[in-house]
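[1] Next come a sequence and a model predicted from it.
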Amino acid sequence: MAVTDLPILGMLRTRMQWHQARQKVIAENVANADLPGFKPRDLVAPRFDRATGAVSGQGGVGMAATEAGHIVPAGAEAPVGETRRAKGFEVRPSGNGVNLEEEMMKAGDNQADYQLAASLYQKSLDALKIAVGKR
């Protein structure tokens, strides 16, 4: 087993690749901001259900709300009156739904999250080097 095959490093690599792909989609949204009828797109974030890197839908550990103030687990019914609607996007008369301010906010958040994942990846490799005695 190679050092780079560790589950935590695999999850961080997957996360960084997702951020790269998302940055491309956001850039396409901005580039097509004036194209009539264009609908903005976004990528669904990968979810890891277990510490070993299992992607959602392949099993994992269940969650339960043990107190009324806790967040409702995925797949469970939310208490009545606590559901929230996703904020809709505005559509111009040309049919274009790209909001440049929202896209720029997404791009900034995406960049910060990518830098965090890259930093964690580098720190994990550094910790492994220290443990092996190469540093």
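    Yep, that arrived.

[2] residue ranges with poor pLDDT in the protein?
    1, 49-89, 135 (pLDDT under 70).

[3] can you tell me which helix in it is longest?
    Under DSSP state H, the helix in the chain containing the largest number of residues is helix 100-132.

[4] list the helices and strands that helix packs on?
    The criterion is 3 or more Cβ pairs under 8 Å, 6 or more residues apart in numbering; DSSP states H and E, and the helices and strands that helix 100-132 contacts are helix 7-31. C-betas here are computed from N, CA, C, even on glycine.

[5] Specify the angle between the helix it packs on and helix 100-132 in degrees.
    In terms of direction (axes from the mean of the first three to the mean of the last three Cα atoms, to 10 degrees), helix 7-31 departs from helix 100-132 by 160 degrees.

[6] one step back: buried residues, the longest helix of the chain. List them.
    With burial defined by 16 or more other Cβ atoms under 10 Å, the residues of helix 100-132 counted as buried are 103, 106-107, 110, 113-114, 117, 120-121.

[7] Would you format the residues you listed as TSV with distance to Pro36 included?
    TSV is the format used below for these (distance: Cβ to Cβ, whole Å):
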residue	distance to Pro36
Glu103	17
Lys106	22
Ala107	23
Asn110	26
Asp113	32
Tyr114	32
Ala117	36
Leu120	42
Tyr121	41
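
[8] Let me know the closest of those to Leu12.
    Nearest to Leu12 among those is Tyr121, at 4.4 Å by Cβ to Cβ.

[9] For the closest one, which non-adjacent residue is closest in space?
    Nearest non-adjacent residue to Tyr121, counting by Cβ to Cβ, 6 or more residues apart in numbering: Leu12, 4.4 Å away.
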